[in-house]
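>>> okay, here's the prediction I keep looking at, along with the sequence it came from:
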Amino acid sequence: MGCMGSREERIIYNTVVKNEGKDQKISGPYGNSRSGGDLGKFYKEYEKSTVIEILQESFRVNANSKCCGWREAFINDKKEVEFKPEFKTINYRDMWEHATKLSKLIVKLGLAPVMRYEKEDKYDAEEGEYKVLGFFARNCMEWLAMDIACQLDSITSATFYSTLGEESFEHVFNQTLLETVCISPENIANLTKYFEKYRFKSLKNIILFDYTQHTDPEQLKKFEDKFKEFNINIYYYSKLVATKMEDIVNVKTQVSGPNTLFTLCYTSGTTNLPKGVKITQKMLGCLFFSVMADVSFVLTPNDVHFSYLPLAHVMERLVSMGLLGSGSSIYFISGEAKKYLSPELLLVRPTFMFAVPRILSLFKTLIMDKFSKLTGFAKTMADKALASKEANYDNSGAITHWFYDSFVFNKVRDQFGGRLKAFIVGSAPLPVDLAKSIKILFSIPIIEAYGMTETTGAICGSNYFDNRNLNCGGCFRSLNMKLVDVPEMNYHSQTSDLNGNHSPTGEICVKGLNITEGYFRDKKNTVASFDEDGWFHTGDVGRIMFEDKGIKIIDRVKEIFKLAQGEYIAPSKLEGAYSLSPYVEQICIHGDSEHTFVVAIIYPSRLRLKQFLDEKGLLTREDKLDRVDEFFEKDVLQDEMRASFNKIAKEKNFNSLERISKMIICKEMFTQDNGLLTESMKMKRKSFQTKFAKEIDNIYNKEK
């Protein structure tokens, strides 16, 4: 359980491969140290790999194993939707039958005809011919079955996020010219609203995912009447899969090949309209032979995954295909994570978990809140356990304890199903202190990964047996990486760390088998994203760490802003540092060229602030957490938070302009639902500027 490990054991992550030219202001290129960075060899072995070929073999071998699980919905006595206590499952054999029937029915019913995409005024690239099917649905078994069905007939899926917004929704629909879109019941209202406003000319068919999803009869009737009025066909998943195989046995399909466009995965977009990233079968297929081997974490038929991150996001898509290709089981969350994540973790009992730092921070808060309420012997035991494990971790890197795990920390793990053997974390930098706390509390390793939609979700990852979590590890063997100097931000190939060791910095650029060729019908953004040698520029700034040659994400090229003094500020660097404060759950740094200082927008740790106010005698242990909100504007609380920030700023050698003096403390967490985060958990900085415009203006006006 976990890795005892020793700090003396070192994994070297990246190795320098043949340099492209002496005159280029770059560091690297680097390759995976285990493979020697031999990208040519990897190309020869896996350039013809496909996802669907891997899935076909897995479904054959694991026919009787559990494939997917969900909780059936029903209406209780209060006329509310509720879920049965047990998960219902479908095995691999039946899942394959669903996918096979659906693929043939798509052909028979003409739901995804071959479309010729021509150059238009809005779309500056001629894309050729594709068959495209839209997905506007929550995670569910139907989603995956239809996904496989598309692959069985060389159909490209185009995915919509639930929080995409109507302007972006229209953009995706018009760019792809979709004739058919698959939806789940909770998206009926939005689809109806969007259609009434934009009247998508290409839309002819709707497939409703109603096999595992609850449908409201009254809402369904209105939905049917509305779209039949416009001669749009409505098909029901449950009826489609009930079709007899003999009725469609002679329908021919064409299985996807390596270069078939697997999906158009639309980036959620922090500022502009989303871009359709083109991901092929081989891009995803090659990662099956790279990622697990390079992080030393192999999926098996015994593994269980709890799916709650959106399948429209490339990471969950990559994970789901990897799980199905390994014969593992996937269970779907029944509703919003805020309500169902914790209770259903106990039911599913996953063997590993994908998470973002915000989720881990929430877990830590929940656990520490329970610890804080202990009394007597239980409190003494918990305090000693925490202190002992922290001391052991600091001394040797050990994350397990022969005594305290049995009597304290196994109870923590039991609250999350008791079978977790690793957390896999991505989407945002993971604070070292948070990683340390989670490993101590759960006694399991954290694999920290980094990637983006344009790289099929994968660029690099730390090793399962490296429990330090000081960086994101090494680039996967499917790609090479280089760092390009960013002189205006003082990032360059000759950078040294605080100890004087050579530690190059620069914009991360990648080239390899899992890198997109560009954006769908968008030549302008495609050209802007690649250099003349074909390297994709990520916009992220990385550092090659001296000790293990791992890559650490330290900044964003495009997010710097200039203050009135003419000094550049890198907000992500400050956010990463100040998030180490025990009083911070989430933080966004705002500034502009008309003012002389930054403003911090903070969603605080109410638990830690309550502990501080308890010590000051301003609250008691019996007071509820929301009593803390009464002190948000008071000097006693803000002075304490400011002191915490000043301590961090001093440790990080921040200049006076990088220090936090003014802050906005908000009651609401940053989420996709309130428009502050993208689906990949990145901050929408313009949304912060709009949402908190009044508070920001008040702060600046007071300084005049």
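Nice, I can see it.
>>> pull the distance from the biggest helix by length in the chain to the chain's centre.
Across the chain, the longest stretch assigned as helix under DSSP state H is helix 376-396. Between the centre of helix 376-396 and the centre of its chain there are 32 Å (CA atoms, centre = their mean, to the nearest Å).
>>> pLDDT on that helix, on average?
Here helix 376-396 scores 90 as its mean pLDDT.
>>> tell me the contacts of residue 696?
590, 599, 664, 689 (CB atoms under 8 Å, 6 or more residues apart in numbering). All C-beta spots, glycine's among them, are computed from the backbone N, C-alpha and C.
>>> of these - the most surrounded one?
residue 599 (22 neighbours; other CB atoms under 10 Å).
>>> so what touches the helix or strand just after the longest helix of the chain?
Downstream of helix 376-396, the first helix or strand assigned by DSSP states H and E is helix 404. With contact meaning CB under 8 Å, 6+ apart, helix 404 is reached by 384-385, 388-389.
>>> next one: stretch 550-557
13-14, 429, 450, 460, 462, 470-475, 481, 486, 489, 491, 505, 507-508, 539-545, 570, 572-573, 576.
>>> identify the residue spatially nearest to residue 128, adjacent ones excluded.
residue 117 (6.5 Å; CB to CB, 6 or more residues apart in numbering).
>>> for residue 370, see how far away the one you found is.
From residue 117 across to residue 370, the span is 55 Å (CB to CB, to the nearest Å).
>>> residue 531: what's its closest spatial neighbour, skipping adjacent residues?
residue 537 (6.5 Å).
>>> for that neighbour, helix, strand, or coil?
Following DSSP: H, G, I helix; E, B strand; the rest coil, we place residue 537 in the strand state.
>>> surely it is in contact with residue 511?
No: using CB atoms under 8 Å as the test, residue 537 is too far from residue 511 to be in contact (10.7 Å).
>>> spell out which residues are contacts of both of the two.
What both residue 537 and residue 511 touch, as defined by CB under 8 Å, 6+ apart, is an empty set.
>>> hmm, back to that, wait, isn't the residue nearest to residue 128 in contact with residue 178?
No: assessed by CB under 8 Å, residue 117 is found out of contact with residue 178, at 11.9 Å.
>>> more neighbours: the two, which one.
Higher neighbour count among residue 117 and residue 178: residue 178, with 23 against 18, using other CB under 10 Å.
>>> report pLDDT for residue 559.
pLDDT, read off for residue 559, is 72.
>>> how much space between the residue nearest to residue 128 and residue 277?
16 Å.
>>> same check on residue 396?
For residue 396, the distance to residue 277 - CB to CB - is 43 Å.
>>> and if you look at residue 78?
44 Å.
>>> neighbour count for those two, which is higher?
Neighbours were counted for residue 78 and for residue 277 using other CB under 10 Å; residue 277 has more, 23 against 6.
>>> helix/strand/coil for that one?
Under the three-state scheme (three-state DSSP), residue 277 adopts strand.
>>> same question, the one 5 residues further on
Of the three states, residue 282 takes helix under three-state DSSP.
>>> quick one: it from residue 228, how far?
41 Å.
>>> more neighbours: those two, which one.
Just comparing residue 282 and residue 228: by other CB under 10 Å the higher neighbour count belongs to residue 282, 25 against 11.
>>> what pLDDT does the residue nearest to that one when sequence neighbours are not counted get?
Nearest non-adjacent residue to residue 282, counting by CB to CB, 6+ apart: residue 258, 4.0 Å away. Residue 258 is assigned 96 on the pLDDT scale.
>>> look up phi and psi at residue 258.
phi -60, psi -40 (degrees, to the nearest 10).
>>> check contacts around it.
Taking CB under 8 Å, 6+ apart as the test, what residue 258 contacts is 47-50, 280-282, 285.
>>> assign residue 547 to helix, strand or coil.
What three-state DSSP gives for residue 547 is coil.
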